[in-house]
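In: Need a 3D model of the following:
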Amino acid sequence: MKIAFLGDSITEGVPGVSYVNILQENLTNYELVNFGKGGDTISSLKKRILKIPNLDHFDIVFLFIGVNDVFGKLTLVYRIVKTLMRQRWAKGIGDFKKHYIDTLEFLLKQGSRIIVIPQLLIGEDINNKWNTLLTQYVTSIETIVGAYPSIEYLDIRKDYIAYLADKEISSFIPYNISDLLKDVKELHSDKDVDERSKARGLHLTLDGVHINSKGAEFLVKGITKTLKKEIPQ
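Out: Below you'll find the model as predicted:
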């Protein structure tokens, strides 16, 4: 069975821990293909998947995208970088929903089983302004997916929120893009990621966005469990 993972840097696994690599180690009877690309927004992914050859040959497609439509607004520097990379963020919820629906409609035509994972976090303080905004985007995805009975929704975000509920929360967010670039350059193993995550007082992420081993564990467990389900009739 062939499975495609469509997403951004969290799926690509740079920086942070690669949940796709861990899944491949555990699911030896599956062929997993990682189509994650750092910085992707819903609009840039929508354009990119048109160029992926033989996407209709996959039995299952995971769609895990959208955090950069909020994260890309973090600072002026991020906005400039994303503009130069042609990874424009959605102008608002309406624009986001349009691109997301277009993406799902395209994937539905490929005939694969589609499983959607919502955005996770921007900072581990679920009540910060970025997560408050991100929640609106997550809610829009829930509404969209609810209109498609054949599409499955795997809500890992609620598991993250529940896990963090009784933890001492760090406010760390990589407002300085140099922190992000240093992580990409300096972290070469899952152990490196987890050590830096711990030093920042974080529990599930390396930097509030990209995941550490514990964060990857939630994704791996959720995906593995979902893969055992039959396609809805």
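
In: right, and Leu107 touches Val116 too?
Out: No - at 9.7 Å, Leu107 does not count as touching Val116 under the criterion of Cβ atoms under 8 Å. Heads up, the C-betas are built off the backbone N, CA and C, glycines and all.

In: ok, Asp59 to Asn21 distance?
Out: Distance from Asp59 to Asn21, counting by Cβ to Cβ, to the nearest Å: 20 Å.

In: nope, Met85 is what I meant
Out: In this structure, Met85 and Asn21 are 24 Å apart, going by Cβ to Cβ.

In: And the helices in the protein?
Out: Taking DSSP state H as the test, the helices found in the chain are 9-12, 19-26, 42-49, 68-71, 76-84, 93-110, 129-146, 156-164, 177-186, 190-199, 213-227.

In: what's the most centrally placed residue in the chain in contact with, if anything?
Out: Centroid-nearest residue in the chain: Phe64, 4.4 Å away (criterion: Cα atoms, centre = their mean). Residues in contact with Phe64 (Cβ atoms under 8 Å, 6 or more residues apart in numbering) are Phe5, Leu6, Gly7, Asp8, Ile10, Thr11, Val116, Ile117.

In: Number of residues surrounding the nearest residue to Gly208 once chain neighbours are set aside?
Out: What sits nearest to Gly208 in space, not counting adjacent residues and going by Cβ to Cβ, 6 or more residues apart in numbering, is Gly123, at 4.0 Å. Burial of Gly123 is recorded as 24 neighbouring residues (other Cβ atoms under 10 Å).

In: phi, psi of Gly123?
Out: Recorded main-chain torsions at Gly123 are phi 90, psi 150, according to degrees, to the nearest 10.

In: got a list of what it touches?
Out: With contacts taken as Cβ under 8 Å, 6+ apart, Gly123 has the following neighbours: Trp130, Asn131, Ser171, Phe172, Ile173, Gly208, Val209.
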